[in-house]
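**Q** here are the coordinates; sequence isn't available:
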């Protein structure tokens, strides 16, 4: 194992990337992934009946289930930056406490955003899960450990998957985000009013794409 992170970029469907296994022994790597098709990614325990399958099929949106909890995340090519940080057991950032690695990577991302965006206020949520009425339906409506806010609005979402050898910190941020698109893919009986959802901040595309390499150089 080297002492610095290697940035690895790939492209595939969201389902294929979620199914990708962390090698053993786990590498110090950041996986920057480009989705090749739109996908609505459900949390591990999110009820499938809350999704409008016909609306998803009509819009050409794959429905994928991830292994971590929370609500749905919409991934659209060109609108989202998706990065997985692989933290091997015993490496800097690792902790038996499952929240600590998320706060660790969130602090790094917040510092980078502060440098890249200038005067905007960047903060990290370090407390317990902050849920809302709709956060079990729409993931970006809640705040988990390590997640980053920009001027008070969530900008970086983080989830975690663990093996015996590593933590896989799955992070994403948006350059474009329209909550009405995600809501339109939900079953009508389970659709939150868009006006009731928490605000989500976006990052200009050039800055969004500069973050993975900057993060790899810093970790």
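**A** In hand now; what should we look at? Predicted, not measured: the structure shown is a model, and the values here were computed from it.

**Q** where do the strands sit along this structure?
**A** 6-12, 29-35, 39-42, 62-65, 73-75, 80-88, 122-124, 148-150, 153-162, 166-174 (DSSP state E).

**Q** With respect to residue 181, which of those strands lies nearest?
**A** Among the strands of the chain, the nearest to residue 181 by CB to CB is strand 73-75 (6.5 Å). Yep, even glycine has a C-beta here, placed from its N, CA and C like the rest.

**Q** ok, residue 161 touching residue 86?
**A** No. Counting by CB atoms under 8 Å, residue 161 sits too far from residue 86 to count as a contact (10.2 Å).

**Q** before we move on, the earlier item: mind putting the strands of the chain into JSON lines with mean neighbour count, distance to residue 105 and mean pLDDT?
**A** As requested, those are arranged in JSON lines below (neighbours: other CB atoms under 10 Å; distance: least, CB to CB, whole Å; pLDDT from 0 to 100):
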{"stretch": "strand 6-12", "mean neighbour count": "13", "distance to residue 105": "14", "mean pLDDT": "98"}
{"stretch": "strand 29-35", "mean neighbour count": "21", "distance to residue 105": "10", "mean pLDDT": "98"}
{"stretch": "strand 39-42", "mean neighbour count": "24", "distance to residue 105": "19", "mean pLDDT": "97"}
{"stretch": "strand 62-65", "mean neighbour count": "18", "distance to residue 105": "23", "mean pLDDT": "96"}
{"stretch": "strand 73-75", "mean neighbour count": "23", "distance to residue 105": "17", "mean pLDDT": "98"}
{"stretch": "strand 80-88", "mean neighbour count": "23", "distance to residue 105": "5", "mean pLDDT": "98"}
{"stretch": "strand 122-124", "mean neighbour count": "19", "distance to residue 105": "10", "mean pLDDT": "97"}
{"stretch": "strand 148-150", "mean neighbour count": "23", "distance to residue 105": "10", "mean pLDDT": "98"}
{"stretch": "strand 153-162", "mean neighbour count": "22", "distance to residue 105": "7", "mean pLDDT": "96"}
{"stretch": "strand 166-174", "mean neighbour count": "24", "distance to residue 105": "5", "mean pLDDT": "97"}
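
**Q** Looking at these, which is nearest to residue 209?
**A** Proximity to residue 209 (CB to CB) singles out strand 80-88 among the strands of the chain, at 6.6 Å.

**Q** Can you find which helix in this protein contains the most residues?
**A** Taking DSSP state H as the criterion, the chain has its longest helix at helix 99-117.

**Q** can you tell which of the strands of the chain is closest to residue 103?
**A** strand 122-124 (6.6 Å).

**Q** Contacts for the closest one next, please.
**A** Defining contact as CB atoms under 8 Å, 6 or more residues apart in numbering, one finds that strand 122-124 is touched by 103, 106-107, 110-111, 113-114, 146-150, 155.

**Q** follow-up on the earlier one: and the longest helix of the chain, what's buried?
**A** Under the neighbour-count criterion of 16 or more other CB atoms under 10 Å, helix 99-117 has 99, 101-106, 108-114, 116-117 buried.

**Q** roughly how far out does it sit from the chain middle?
**A** The offset between the C-alpha centroid of helix 99-117 and the centroid of the whole chain comes to 13 Å, using CA atoms, centre = their mean, to the nearest Å.

**Q** Contacts only, for residue 146.
**A** Residue 146 makes contacts with 99, 101, 102, 103, 104, 105, 106, 107, 124, 125, 126, 158, as judged by CB under 8 Å, 6+ apart.
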